[in-house]
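[1] Build me a structure from this.
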Amino acid sequence: MTQFVIPLTASAATDAGRFGPKAANLAALGAAGLPIPEGFCLDAEAYRTQIRALGLEADARGVFAAQDRPQARRHALAMKLGLLDQPIIPEILETLLAARRELVEKTGALVAVRSSALVEDRFGSSFAGQFESFIGIETEDDFITAVRSCWGALWATRALRYMATHEIDPADTAMAVLVQPLVSARASGGGLSKTADGGMLLSATWGLGSAIAQGEVTPDRYELSREAELLNVTAGVKDHSVGCIHRAEPTTQLVPKALIAEPCLSKPQAVELGQLLRKVEALMGMPVEIEWAMDDAGFKLLQARPLHMEQAPVPDKLWLHHPRLNGHPAGIGWGEGRAVVVNCECELTRINHGDILVTKVAGPALSQILSRVAGVVAERGGSTSHLASLARERGIPMVLGVLDATRRIPNGVRVAVDGVAGVVRWMH
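    Numbers count the residues shown, from 1 in each chain. The predicted model follows:
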C-alpha cells in the first residue's frame, strides 16, 4: 500500500519524482541542516489515485488531445470540477487529516498548503506563480478545500497555457502537495545567488512575502558580493504588508509611515541571509533563486529553484543620450519597442508583438502576454517576483519598481529596457 504522506524530514521526501522539485528541494535543504519550517508532503500518487477513483483519466487525456478548443475546455472544466467538488477518497483523506492534526498540535500554528507539481521549479520551466498556495488555513474543511484546489490548479487556464508553450501535457504529470506551519514572519523576501554582473541580490518586505511575489510592493534591494559582503542597500516602497495576528487569517495591513522606506534587514542580517544563499547554491550545484521568511527565531528558507540568468547584449550608444529611469532589474536581456501604457488588465488587448508594456503592477496574471512583448516596465515589484522569474525564463527584459513609470513614459514612444542594469530609456 502506498504511503501517501511523508514528513518533510524523511529521506524519501527528497524524491522529486514523488513530491515535486519544490518539496524535494526544501527537504534536501533541511537534510543539510539549513533552516526550513517543518511539515509533510502528500505524494503525487495520491493525486493519481484520486483521478482514477473519480474516473477522470479520459478527460485528462482529452484536454490536449481534443481537436477543437470548446471540447478541450470541456475536458479541462471536468477535471477542475471533479477535483474541486468530489470528496477525497478515504484511503487518502484519513492519513492526510491525521498528519494535519499532528502538525497543528505540535506547532500550534496556522497551516500553509502549497502546490508542488512534478513539472515546476525546474530549469527553464519554473511555473512561478502559475499554481496555488494557501496560507493561514485553520479549519479542517478549509484544509481539505486547499488540498483539492492545489490538485485542480494543474488544470487552471493559466497553467495550461504555460504548459502548452513548454510542450508539457498535463495528463503526463501530477500534483504533489506541501503542508507546513505558517511562519509568523516579521519580514520576507527572495534572493538570487548570481546576478548578471556576478554578485548576489536579496529583496525584502514587511510581513509575509506574497506582496513581493505578486508584484504589489517595491521591496528593499540588497546587493552583495559573491562572498556575501553587503555592497549596497536601496530601500523600497513597502506601504502595505500581509501578516497574521494571533492565529487570524493573514490580512493586508497598512505599514506605518516611518517603516515604508525603512530597510527590513540590518547589515548583519543581510550578510547572514547572503551566506545562507551561498550554501543553497552549493548544495544544489547551480545558481538558485530562493524565497525566505524571518520570524523571531531567525531565517527560514521556504523555496529554492534553479535560476535562469544570461548576459545582456551591449546597447547602442545612441540610447545614452535619452531620458532614463532606474528600477529593479529582472536580470536578463535588452529590448526595444513601442511603449504601451496600460492601467488595467482590460487594456492588454492593445499590446502587439514587439511592444514594451508599461504598467503599475506586474503580477503573475500578466504571464499571458509575455510571449508578445519585447520588454516590461512596472511601477511596483522587484527582481524576485513571480513575473520576474517567468521573464528571466523566457529571456524577456523587465525592470520593476520604476517610480511613476506610467506617468513619465509617454504612450507610443520608442523605449529601451535594460533588464540587467535596471534602466529604462525613451526617445523624446
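[2] Okay, now the sheet partners of the one helix or strand Arg338 maps to, with direction.
    Per DSSP states H and E: Arg338 is located in strand 334-342. Strand 334-342 has the following strand partners under DSSP bridges: strand 356-359 (parallel), strand 414-418 (antiparallel).
[3] Now tabulate these in CSV and tack on mean neighbour count, mean pLDDT and distance to Ser385.
    Any C-beta I mention is one placed from the backbone N, CA and C, and that applies to glycine too. Below are the strands paired with strand 334-342 laid out as CSV (neighbours: other C-beta atoms under 10 Å; pLDDT from 0 to 100; distance: least, C-beta to C-beta, whole Å):
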stretch, mean neighbour count, mean pLDDT, distance to Ser385
strand 356-359, 27, 92, 13
strand 414-418, 24, 92, 16
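[4] Show me the one of the ones you listed that comes nearest Met286.
    Proximity to Met286, assessed across the strands paired with strand 334-342 by C-beta to C-beta, is greatest for strand 414-418 (24.9 Å).
[5] quick one: contacts of that closest one?
    312, 315, 319, 322, 329, 333-339, 356, 358, 374-377, 397-399, 409, 424-427 (C-beta atoms under 8 Å, 6 or more residues apart in numbering).
[6] Which entries within these meet the buried criterion?
    312, 315, 319, 329, 333-337, 339, 356, 358, 374-377, 397-399, 409, 424-426 (16 or more other C-beta atoms under 10 Å).
[7] in this protein, which helix or strand is least confident?
    strand 240-243 (a mean of 56; mean pLDDT, DSSP states H and E).
[8] State whether Arg73 is indeed within a helix.
    Yes: checked against DSSP: H, G, I helix; E, B strand; the rest coil, Arg73 lies within a helix.
[9] Please verify my assumption that Thr9 contacts Ala27.
    Yes: using C-beta atoms under 8 Å, Thr9 is in contact with Ala27, at 7.5 Å.
[10] more neighbours, those two?
    A direct count of neighbours by other C-beta atoms under 10 Å for Thr9 and Ala27 places Ala27 higher, at 26 against 13.
[11] How far off centre is the helix or strand hosting that one?
    In the assignment (DSSP H and E), Ala27 maps to helix 16-31. For helix 16-31, the separation from the chain centroid amounts to 16 Å (computed by C-alpha atoms, centre = their mean, to the nearest Å).
[12] now could you export just the CA positions of that helix as PDB?
    Below are the C-alpha coordinates for helix 16-31, written out as PDB (Å, rounded to 0.1, in the frame of the first residue of the first chain):
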ATOM      1  CA  ALA A  16      11.200  14.900  -6.800                       C
ATOM      2  CA  GLY A  17       9.500  12.200  -8.800                       C
ATOM      3  CA  ARG A  18       7.100  11.600  -5.900                       C
ATOM      4  CA  PHE A  19       6.800  15.000  -4.200                       C
ATOM      5  CA  GLY A  20       7.800  17.500  -6.900                       C
ATOM      6  CA  PRO A  21      11.000  19.600  -7.000                       C
ATOM      7  CA  LYS A  22       9.600  22.300  -4.700                       C
ATOM      8  CA  ALA A  23       9.000  19.900  -1.800                       C
ATOM      9  CA  ALA A  24      12.100  17.800  -2.600                       C
ATOM     10  CA  ASN A  25      14.400  20.800  -2.800                       C
ATOM     11  CA  LEU A  26      13.100  22.000   0.600                       C
ATOM     12  CA  ALA A  27      13.600  18.600   2.100                       C
ATOM     13  CA  ALA A  28      17.200  18.500   0.800                       C
ATOM     14  CA  LEU A  29      17.900  21.800   2.400                       C
ATOM     15  CA  GLY A  30      16.500  20.600   5.700                       C
ATOM     16  CA  ALA A  31      18.600  17.400   5.500                       C
END
